[in-house]
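Engineer: structure for this input, please:
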Amino acid sequence: MRSSVDRQTLLTVREQQILEFIAAGYSAKQVAQRIEIAPRTVERHIENIRQKMHARNTPHMISCAYTSGMLAIAAS
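Structural biologist: Take a look at the predicted model:
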């Protein structure tokens, strides 16, 4: 069975940046404001990330990113 995220999945620098913001709880609109791009562009990046990771939805995408080591859990 194929894992939902291959270690070889490559995200662009922008996709990685957006993934980190989304995982931190920012909305697409908030991300857009922070990095000064259109909210629709952020939504498109999220969709591209989700497809690359074979995730069903955004929460699954974030879970897959943590599981694969693409995101680290920050210590409090």
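Engineer: contacts only, for the residue nearest the centre of the chain.
Structural biologist: Closest residue to the average C-alpha location of the chain: Leu19 at 2.7 Å, with CA atoms, centre = their mean. Taking CB atoms under 8 Å, 6 or more residues apart in numbering, we find Leu19 in contact with Leu11, Ile49, Met61, Ile62, Ala65, Met70, Leu71. No exception for glycine: its C-beta is placed from N, CA and C like everyone else's.
Engineer: now those residues in TSV, with distance to Gly25, neighbour count and pLDDT?
Structural biologist: Shown next, in TSV, are the contacts of Leu19 (distance: CB to CB, whole Å; neighbours: other CB atoms under 10 Å; pLDDT from 0 to 100):
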residue	distance to Gly25	neighbour count	pLDDT
Leu11	19	17	94
Ile49	16	25	97
Met61	14	24	96
Ile62	10	21	95
Ala65	14	23	94
Met70	17	20	90
Leu71	13	18	90
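Engineer: which two among the residues you listed are spaced furthest apart?
Structural biologist: Leu11 and Ile62 (13.1 Å; CB to CB).
Engineer: packing partners for the strand or helix carrying Lys29?
Structural biologist: Using DSSP states H and E, the element containing Lys29 is helix 28-35. If contacts are counted by 3 or more CB pairs under 8 Å, 6 or more residues apart in numbering; DSSP states H and E, helix 28-35 sits against helix 13-23, helix 39-52.
Engineer: Serialize those helices to a markdown table and add fields for distance to Gln30.
Structural biologist: A markdown table is the format used below for the helices and strands packed on helix 28-35 (distance: least, CB to CB, whole Å):
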| stretch | distance to Gln30 |
| --- | --- |
| helix 13-23 | 8 |
| helix 39-52 | 9 |
